[in-house]
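need a structure here:
(2 chains)
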Amino acid sequence: MTTPAQPPATPDLLYSRDEEDLRAAVRALLADRADAPKVIAATESDTPYDQRLWSSLATGIGAAGLLVPEKLGGQGASHREAAVVLEELGRAVAPAPYLTSSVVATETLLALGAEGGPAAALLGELASGARTAVLAVPFATSPAGADPALASLDGTVRGVADAAAADVLLVPTAEGLYAVEAAGPGVAVQPLVPLDLTRPLAAVTLTGAAGTLLANADASATAVRRGLLAGAGLLASEQLGLAEWCLTETVRYTRERHQFNRPVGSFQSLKHRMAQLWLEVVSARAAARNAADALASSSPDAPLAVAVAQAYCSGVAVHAAEECVQLHGGIGMTWEHPAHLYLKRAKADSIGYGTAGRHRQTVAELTLLPAP
Amino acid sequence: MSPAVDAAEVRRRTRELLAAHPPATTDRTDFLRARFDAGLAWVHYPAGLGGLDAPRSLQQAVDAELAAADAPDNDPRRIGIGLGMAAPTILGFGTDEQKRRFLRPLWVGEEVWCQLFSEPGAGSDLAALATRAVQDGAGDWTVDGQKVWTSSAHLARWAILIARTDPDLPKHRGISYFICDMTDPGVEVRPLRQITGEAEFNEVFLTGVRIPDSHRLGPVGEGWKVAQTTLMNERVSIGGSRIPREGGMIGPVARTWRERPELRTPDTHQRLLTLWVEAEVARLTGERLRQQLVAGQPGPEGSGMKLAFARLNQEISGLEVELLGDEGLLYGDWTMSRPEFVDFTGRDAGYRYLRSKGNSIEGGTSEVLLNIVAERVLGLPSEPRNDKDVAWKDLSR
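Numbering: from 1, shown residues only, chains lettered A, B, ... in the order given. From the prediction side, this is the model:
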């Protein structure tokens, strides 16, 4: 009986100097434009995204085009750098269509390998941050289970993340992959009330809409799978950043908060919970870095690296956010304190691009550990 | 000061060693002695003490060359305590004479070491130890007390020992650190049979054991500080080698799953996959730690790895026994034996299940390690302590 393949090369699990510089730039921008009160205010406004934040991130830092080759107008960087951006976005639970537009939609278009043509033109626009696009599939879709929801440009797709702010919808159908202008005739984007207010969801209804066919059915399926694989893999980095914030803030709070004439962080029962969480966070970092590196190097190990990262990091983010709420006591239950933003994002992320259980199923297939 | 040593230089020296002492025709011990004298035992150690003052990472080049030439190795499992704990402590605190006397036979494996730290009344609270060392007029010491959980004591020539030298001081301050001769007539080693049926550990009774002052490591009363070096090296034993995928305890369970479809159930499938993912993530965390060390940026992850592996080993081996069903009701062999080293993944599922219970106790309990992570890594406050400034003799026991 065969055993699963060893990873083909040693992954680079550290951060480069350039990656740390990129992190510092993104973190400084988010501290300025997306602190907790601003994020809470944004979720209560009609405009889910702060356009100035997005253009600073996309054009000022050039984050939107990290995955896009320079000849197509991007930065020619890789998933490793994009993962660092997502760590910081997760740490700030910043509302920005980065994962959906700059990673999933971008990667889907890149998979078409178009030299020139409409896909290349659109990639250039996404890379500059001038426009955003989303893949019109439910946010819960896992890379392993992405059959097109529509037969043609007619019908409704529910639970599409960031659709309400997107300029272009990439719609996989049984006929192939279409690019559809969100503001065009026959397109209705109906916002839904999401659990996670920092990542808006919408139902997309197409009624005889017009679109540009970018790929036939087979090429579409391959491209969508690749887009979702990148999305799932880099979502792990968002979950890592989120979990880190929760741990750091919880440690800070329990060091300062006194009860029973002691800092509550000196009680062993609480210390052990935070130490356990720390161990989960450093483990999540290794798993998320491994997925980002495997995607960046187009490693044959990438599907397994992504499934492992998602199967692990989802739970860590939820655990960290739940502990954050609990160890903050009553304050953790209030609307003013940002803990709830993290809990909502973490729980929604645990469903996004496939649940941990769905990814474990993928692990079972790839490691030859079949179900009974 | 030796000239700068790089990978090419290390390889050149290794080939020279192999040419002068062909492994096929050289006695094992002679080869290991020559390797030590060539500075290729642990290249980061000082020249003259088995090393070349070279970066630790160059050891991999040496080991690869020697393995390719099928050269004998120094069996680190049997002498793990000497290599991992006694050696760095002697290097850090020993006199020149002590380093010259002890390091070579230790590394070659001619002299096995054990560690006389834990006592029946001082386990996790190690500084509470009661073994006494009293100094005579000539400056030499007489030791009386009892130690426990001592691996390899029945094989050891030497021991590192901590003992109380001043009961009037608070418990951390009245301790000194010694090298104890295990062949002294006052040393009695008794096997301690364990949960697995075998006696891998010992109790050690010390009665009027004479230790010359030249076998003291570090200043009188500074033993706790010296012991910290030993304990740090015990817990940060991860580093050198990469673990392959499915390299730990998950390996045998995964193989059983693949080869024996009749054992599979939906419940065990879910648990197996969860643990497979956790084992893979632990492997990656260890790999990341290794890369940090090589890059000269050691992270605090090492403190957590033992915690992770202890829990995983216990859960995986527990699943394995259950997966085996009828066979899980059986046990390989209860005959009392005294193994030369611990083989965590060896023997059968029942043994692995029982032995892994020790993983969260030995070398610092998981509870103590969680405290260490919480206080030293996260900076959380310590619990109030009422024994810090009280003389050891006045503590309630």
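
What ranges does chain B have for its strands?
Listed in chain order, the strands of chain B (DSSP state E) span B:113-116, B:132-135, B:141-147, B:158-164, B:175-181, B:187-192, B:201-211.

Could you dump the ones you listed into JSON lines with mean pLDDT, mean neighbour count and distance to chain A added?
For the C-beta atoms, the positions are set from N, CA and C on the backbone; glycine is no exception. Below are these laid out as JSON lines (pLDDT from 0 to 100; neighbours: other Cβ atoms under 10 Å in any protein chain shown; distance: least, Cβ to the nearest Cβ, whole Å):
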{"stretch": "strand B:113-116", "mean pLDDT": "96", "mean neighbour count": "27", "distance to chain A": "26"}
{"stretch": "strand B:132-135", "mean pLDDT": "98", "mean neighbour count": "17", "distance to chain A": "31"}
{"stretch": "strand B:141-147", "mean pLDDT": "98", "mean neighbour count": "21", "distance to chain A": "28"}
{"stretch": "strand B:158-164", "mean pLDDT": "98", "mean neighbour count": "25", "distance to chain A": "26"}
{"stretch": "strand B:175-181", "mean pLDDT": "98", "mean neighbour count": "24", "distance to chain A": "25"}
{"stretch": "strand B:187-192", "mean pLDDT": "97", "mean neighbour count": "16", "distance to chain A": "29"}
{"stretch": "strand B:201-211", "mean pLDDT": "97", "mean neighbour count": "20", "distance to chain A": "27"}
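
Take the ones you listed and write them to JSON lines, including distance to residue A:287.
As requested, those are arranged in JSON lines below (distance: least, Cβ to Cβ, whole Å):
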{"stretch": "strand B:113-116", "distance to residue A:287": "35"}
{"stretch": "strand B:132-135", "distance to residue A:287": "49"}
{"stretch": "strand B:141-147", "distance to residue A:287": "41"}
{"stretch": "strand B:158-164", "distance to residue A:287": "38"}
{"stretch": "strand B:175-181", "distance to residue A:287": "41"}
{"stretch": "strand B:187-192", "distance to residue A:287": "40"}
{"stretch": "strand B:201-211", "distance to residue A:287": "36"}
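
Figure out which of the ones you listed is closest to residue A:98.
In terms of Cβ to Cβ, the element of those nearest to residue A:98 is strand B:113-116, at 52.8 Å.

Sheet-wise, list the partners of the closest one with their directions.
If you go by DSSP bridges, strand B:113-116 pairs up with strand B:158-164 (parallel).

Okay, angle between the strand it pairs with and strand B:201-211 too, please.
Put simply, strand B:158-164 runs at 80 degrees to strand B:201-211, going by axes from the mean of the first three to the mean of the last three Cα atoms, to 10 degrees.

Return the distance of strand B:158-164 from the chain's centre.
Averaging C-alpha positions (Cα atoms, centre = their mean, to the nearest Å) puts strand B:158-164 15 Å from its chain's average.

Quick one: residues contacting residue B:139.
Taking Cβ atoms under 8 Å, 6 or more residues apart in numbering or on different chains, we find residue B:139 in contact with residue B:213.

Repeat the analysis, applying 10 Å as the threshold.
For residue B:139, the contacting residues are B:212-214, B:216, B:220, by Cβ atoms under 10 Å, 6 or more residues apart in numbering or on different chains.

name the element residue A:273 belongs to?
helix A:268-296 (DSSP states H and E).

elements contacting that helix?
helix A:79-91, helix A:217-256, helix A:302-327, helix B:266-294, helix B:301-323, helix B:366-372 (3 or more Cβ pairs under 10 Å, 6 or more residues apart in numbering or on different chains; DSSP states H and E).

Mean neighbour count added to those helices, as TSV?
Below are the helices and strands packed on helix A:268-296 laid out as TSV (neighbours: other Cβ atoms under 10 Å in any protein chain shown):
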stretch	mean neighbour count
helix A:79-91	26
helix A:217-256	24
helix A:302-327	26
helix B:266-294	21
helix B:301-323	21
helix B:366-372	19
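
can you list these in TSV and add distance to residue A:284 and mean pLDDT?
Output for these, formatted as TSV (distance: least, Cβ to Cβ, whole Å; pLDDT from 0 to 100):
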stretch	distance to residue A:284	mean pLDDT
helix A:79-91	11	98
helix A:217-256	5	97
helix A:302-327	4	98
helix B:266-294	8	95
helix B:301-323	12	93
helix B:366-372	18	94
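
Which one of the ones you listed lies nearest to residue B:156?
Residue B:156 lies closest to helix B:301-323 among the helices and strands packed on helix A:268-296, at 23.5 Å (Cβ to Cβ).

How about the residues of the stretch 151-300 of chain A by chain B?
Within the stretch 151-300 of chain A, the positions near chain B by Cβ under 10 Å from any Cβ of the partner chain are A:247-248, A:250-252, A:254-255, A:261-268, A:270-291.

Please find the angle between the direction vectors of the helix holding residue A:273 and helix A:302-327.
150 degrees.

Can you report the mean pLDDT over the residues of helix A:268-296?
The average pLDDT within helix A:268-296 is 98.

among the residues of the stretch 151-300 of chain A next to chain B, which ones are buried?
Neighbour counting with 16 or more other Cβ atoms under 10 Å in any protein chain shown marks A:247-248, A:250-251, A:254-255, A:263-267, A:270-291 as buried within those.

can you pull out the helices in the stretch 51-200 of chain B?
In the stretch 51-200 of chain B, the segments counted as helices under DSSP state H, counting those that start in this stretch are B:59-68, B:80-81, B:87-93, B:96-108.

TSV for these, including mean neighbour count?
As requested, those are arranged in TSV below (neighbours: other Cβ under 10 Å):
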stretch	mean neighbour count
helix B:59-68	16
helix B:80-81	20
helix B:87-93	21
helix B:96-108	18
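
Looking at those helices, which is nearest to chain A?
The closest of the helices of the stretch 51-200 of chain B to chain A is helix B:59-68. By Cβ to the nearest Cβ, the value is 12.4 Å.

does any part of that closest one sit near chain A?
No. Using Cβ under 10 Å from any Cβ, we find that helix B:59-68 stays clear of chain A, coming within 12.4 Å at best.

mind exporting that helix as PDB, just the C-alpha atoms?
Presented in PDB, the C-alpha positions along helix B:59-68 are these (Å, rounded to 0.1, in the frame of the first residue of the first chain):
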ATOM      1  CA  GLN B  59      27.200  20.000  11.700                       C
ATOM      2  CA  GLN B  60      24.700  18.900   9.100                       C
ATOM      3  CA  ALA B  61      27.500  18.900   6.500                       C
ATOM      4  CA  VAL B  62      29.700  16.700   8.700                       C
ATOM      5  CA  ASP B  63      26.900  14.300   9.500                       C
ATOM      6  CA  ALA B  64      25.900  14.000   5.800                       C
ATOM      7  CA  GLU B  65      29.500  13.200   4.700                       C
ATOM      8  CA  LEU B  66      29.900  10.700   7.500                       C
ATOM      9  CA  ALA B  67      26.600   9.000   6.900                       C
ATOM     10  CA  ALA B  68      27.400   8.700   3.200                       C
END
